[in-house]
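1. please work out how this folds:
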Amino acid sequence: MNLLNPQLFNKIVPSFLRGGLTVTGRITLWYLILSVAPILAIGTLAYQNSRASLEREIINKLNAVADNKTYIIKNWFNNNLQDTQNLASNLAVRDLLSPTFRIVYPDLTSKTEEERGQRVKALITALQETNTSYVDVMIADNQGKILSSSSKILGQEGKNFREIGLTKLGPEKVSVSSVFDSPIAQQPVFMIAASVYDNQGNVVGYTVVEGDLRPIHRLLEERSGLGETGEVVIVDRDLRMLTQSRFSDESTVLKKVPENHPIQQGLQGNKGELFFRDYRNVPVLGAFRPLAVMDGVLIAKTDEAEGFSPIAKLRNTILIIIVLTMALASWVAIWVARVTTRPIREAEALEKLRADFTAMIIHDLRSPLTALLSAVAILEDGLAGPLSQEQKEWLGKIDSGAHNLLNLVNEFLDLSKLEEGRVELVKEEVDLKQLIQNSLDHYLVLAQGKKISLKSSVDPSLSSISVDPRRLDQVFANLLSNAIKFTRESGEIEVGASQENGIETKVWVKDNGVGIPDREVADLFQKYRQTTSGKDAQQKGTGLGLVICKMIVEAHGGKMWVESDEGKGTTFFLDLLPGEWVILA
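-> Alright, predicted model coming up:
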């Protein structure tokens with residue numbers, strides 16, 4: 001691979017990077033690309049694979065925690081439900097609430113109402129003392145009026161428990177309320193109510209347990225596998241937090257949280273895991289499970305920053321390696337570039353010396369040539385006295401030779417400037433049709449001398465283009481001059497232009513002259529190379545005209561090529577593209 005190949009370099013490296021780069025700069029840039037690109041590709045692949053593997057590991061942990069906590073809470077609630085149902089089937093409770101029970105089972109009943117009340121009071125007090133998560137255990141009639149309460153807090157008995165918390169009883173034997181802030185207990189609680197039935201299956205009352213949330217909080221405080229930022233939270237259907245946040249010193253129970261995707265999915269009975277923003281608006285990865293017993297959703301989550309911190313270290317390591325590699329590659333590239341470009345710099349110095357010498361010689365040649373042509377003009381005008389016919393003929397030969405030599409000097413000067421990049425194109429909006437017509441008019445007399453027809457075939461709809469008119473006229477002049485030179489008498493020369501795809505402007509100069517042999521077409525744009533087809537002593541040139549034309553066209557950002565059929569004619573094509581102009585160096 002030739003790292004200095006301009007075409008390859010221009011394809012790969014963006015224009016804003018390659019502008020003005022020296023050979024040393026190009027070598028350095030190539031070294032950086034070839035050294036950093038593999039490391040960057042391998043590092044990116046390793047980072048992505050490691051992140052995916054770590055993500056799977058985090059998800060597995062969160063799923064395990066979510067499943068475990070969901071099972072524990074459901075089991076805890078089932079125990080409370082069982083206690084409430086057992087209490088509802090207790091003989092003492094049925095004795096208190098069902099007159100028919102006392103008739104059917106007289107031996108199992110108490111003698112007086114007071115005794116029945118004392119038996120139930122003792123029963124529910126014992127149940128509360130054995131289960132510290134119960135704030136209160138109550139017995140209510142079938143209207144919901146509380147007949148007996150185990151709580152030492154005054155004011156429960158005589159109230160209707162439906163008005164306190166469990167406002168709606170379902171058709172099930174056991175109903176569970178949503179969490180509410182109890183004004184009597186002065187803390188968030190929930191209620192479980194179990195129906196009490198008489199012998200005929202009629203509901204005669206209810207056993208009601210008022211539960212504390214703190215046991216649930218204690219069950220969720222154990223955060224194995226969740227790290228420093230992980231936690232398990234429960235959110236109910238009303239978007240209230242039912243757990244205490246580990247990130248807040250104030251109580252977060254019953255605080256509203258923003259709705260997010262896990263909450264929506266969980267409340268619909270779905271489970272899964274995904275990335276989202278939690279109630280703190282922090283990016284987290286979480287696993288969610290529906291929790292029907294609390295009419296909510298349980299979410300086990302951990303902060304992305306902590307979960308992916310190991311991969312962040314890997315990313316930083318890769319970046320450090322890339323930076324070190326770039327530094328080392330730059331140092332090596334600069335050293336190699338200096339060694340590699342030393343002959344180029346020496347050649348450039350010699351080329352500059354040659355160019356300076358050429359410019360000096362050209363200047364020294366132009367001055368006497370200009371003086372010689374001026375003297376010839378004075379003599380031809382008879383200002384120095386009358387001339388004989390023979391003297392006029394000799395002066396004509398001197399004038400022709402001097403002009404040819406001056407043209408040669410000018411071509412050498414143009415070539416030198418183009419090669420050194422000292423030609424600055426003057427950009428103008430130009431009517432191409434008019435520019436072509438001016439060139440044809442200039443060579444009309446010369447063409448008529450050989451009875452050659454000059455034809456313009458320019459598309460009338462052709463829009464103006466941005467070019468240097470003086471330099472483009474120089475191209476047309478050279479091509480027309482060559483076409484007239486190599487076209488036989490009574491021949492035809494056509495200059496045309498059209499716009500393709502609304503962008504590219506194509507120009508052509510076509511003749512039906514002697515044509516160019518195939519073996520010479522490839523070398524036509526090489527310096528000092530001339531075609532031998534149909535050439536006589538008066539048609540010799542320098543072999544620089546077409547080289548200069550091609551360089552001018554390329555300086556406009558276009559391209560130039562030739563198609564020829566020996567014996568039938570030649571066509572030169574110019575493609576002029578809009579865009580950045582190029583100063584050839």
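
2. may I see the buried residues of the helix or strand where residue 204 lies?
-> With elements taken from DSSP states H and E, the one containing residue 204 is strand 203-212. Neighbour-count burial for strand 203-212 flags 204, 205, 206, 207, 208, 209, 210, 211, 212 (criterion: 16 or more other C-beta atoms under 10 Å). Backbone N, C-alpha and C define where each C-beta goes, glycine included.

3. and for stretch 62-80?
-> 62, 63, 65, 66, 69, 70, 73, 74, 76, 77, 80.

4. list just the nearest of those residues to residue 330.
-> Residue 330 has its nearest neighbour among those in residue 62, at 44.9 Å by C-beta to C-beta.

5. pretty sure that closest one contacts residue 272?
-> No - under the criterion of C-beta atoms under 8 Å, residue 62 makes no contact with residue 272, lying 10.6 Å away.

6. give me the common contacts of these two.
-> Common contacts of residue 62 and residue 272 (C-beta atoms under 8 Å, 6 or more residues apart in numbering): residue 287.

7. where do the helices sit along the stretch 101-250 of the chain?
-> Listed in chain order, the helices of the stretch 101-250 of the chain (DSSP state H, counting those that start in this stretch) span 113-130, 161-164, 214-221.

8. who wins for proximity to residue 570 among those helices?
-> Nearest to residue 570, of all the helices of the stretch 101-250 of the chain, is helix 214-221, at 90.7 Å by C-beta to C-beta.

9. CA atoms of the closest one as CSV?
-> Listed next in CSV are the C-alpha coordinates belonging to helix 214-221 (Å, rounded to 0.1, in the frame of the first residue of the first chain):
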residue,chain,number,x,y,z
ARG,A,214,-42.7,-2.1,59.6
PRO,A,215,-42.3,-5.9,59.4
ILE,A,216,-42.3,-5.7,55.6
HIS,A,217,-39.7,-3.0,55.8
ARG,A,218,-37.5,-5.2,57.9
LEU,A,219,-37.9,-8.0,55.4
LEU,A,220,-36.7,-5.7,52.6
GLU,A,221,-33.8,-4.2,54.5
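
10. list the helices and strands that helix packs on?
-> When contacts are defined as 3 or more C-beta pairs under 8 Å, 6 or more residues apart in numbering; DSSP states H and E, helix 214-221 packs onto helix 23-88, strand 231-236.

11. so where is the stretch 401-550 of the chain shaky, pLDDT-wise?
-> Scanning the stretch 401-550 of the chain for pLDDT under 70 picks out the ranges 404, 406-408, 410-424, 502, 528-529, 531-542.

12. make it 80
-> For the stretch 401-550 of the chain, the stretches flagged by pLDDT under 80 are 401-426, 500-503, 527-544.

13. now the strands: where do they sit in it?
-> 428-430, 453-458, 465-467, 492-500, 504-511 (DSSP state E, counting those that start in this stretch).

14. ok, which of those comes nearest residue 484?
-> strand 492-500 (6.8 Å).

15. which residues of the stretch 251-400 of the chain fall in strands?
-> Using DSSP E, counting those that start in this stretch, strands in the stretch 251-400 of the chain cover 272-277, 283-291, 296-303.

16. got a markdown table for those, with mean neighbour count too?
-> Shown next, in a markdown table, are these (neighbours: other C-beta atoms under 10 Å):
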| stretch | mean neighbour count |
| --- | --- |
| strand 272-277 | 15 |
| strand 283-291 | 23 |
| strand 296-303 | 26 |
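
17. can I get those strands in a markdown table including distance to residue 360 and mean pLDDT?
-> Converted to a markdown table, those look like this (distance: least, C-beta to C-beta, whole Å; pLDDT from 0 to 100):
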| stretch | distance to residue 360 | mean pLDDT |
| --- | --- | --- |
| strand 272-277 | 74 | 90 |
| strand 283-291 | 72 | 93 |
| strand 296-303 | 76 | 93 |
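
18. mind putting those into JSON lines with distance to residue 492?
-> Formatted as JSON lines, the strands of the stretch 251-400 of the chain follow (distance: least, C-beta to C-beta, whole Å):
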{"stretch": "strand 272-277", "distance to residue 492": "75"}
{"stretch": "strand 283-291", "distance to residue 492": "77"}
{"stretch": "strand 296-303", "distance to residue 492": "83"}
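
19. closest to residue 461 out of the ones you listed?
-> For those, proximity to residue 461 was assessed by C-beta to C-beta; strand 272-277 is nearest, at 57.6 Å.

20. quick one, the closest one and strand 283-291 angle?
-> 140 degrees (axes from the mean of the first three to the mean of the last three C-alpha atoms, to 10 degrees).

21. adjacent strands (with direction) for strand 272-277?
-> In the sheet, strand 272-277 lines up against strand 283-291 (antiparallel) (DSSP bridges).

22. re earlier: between the strands of the stretch 401-550 of the chain, which one is closest to residue 35.
-> Closest approach to residue 35 among the strands of the stretch 401-550 of the chain (C-beta to C-beta): strand 504-511, 38.6 Å.

23. what residues sit buried inside the closest one?
-> Across strand 504-511, burial judged by 16+ other C-beta under 10 Å covers 505, 507, 508, 509, 510, 511.

24. what packs against that strand?
-> With 3+ C-beta pairs under 8 Å, 6+ apart as the test, strand 504-511 has helix 432-442, helix 469-485, strand 492-500, strand 569-576 packed against it.

25. JSON lines for these, including distance to residue 334 and mean neighbour count?
-> Listed next are the helices and strands packed on strand 504-511 as JSON lines, based on distance: least, C-beta to C-beta, whole Å; neighbours: other C-beta atoms under 10 Å:
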{"stretch": "helix 432-442", "distance to residue 334": "47", "mean neighbour count": "16"}
{"stretch": "helix 469-485", "distance to residue 334": "38", "mean neighbour count": "20"}
{"stretch": "strand 492-500", "distance to residue 334": "45", "mean neighbour count": "17"}
{"stretch": "strand 569-576", "distance to residue 334": "38", "mean neighbour count": "21"}
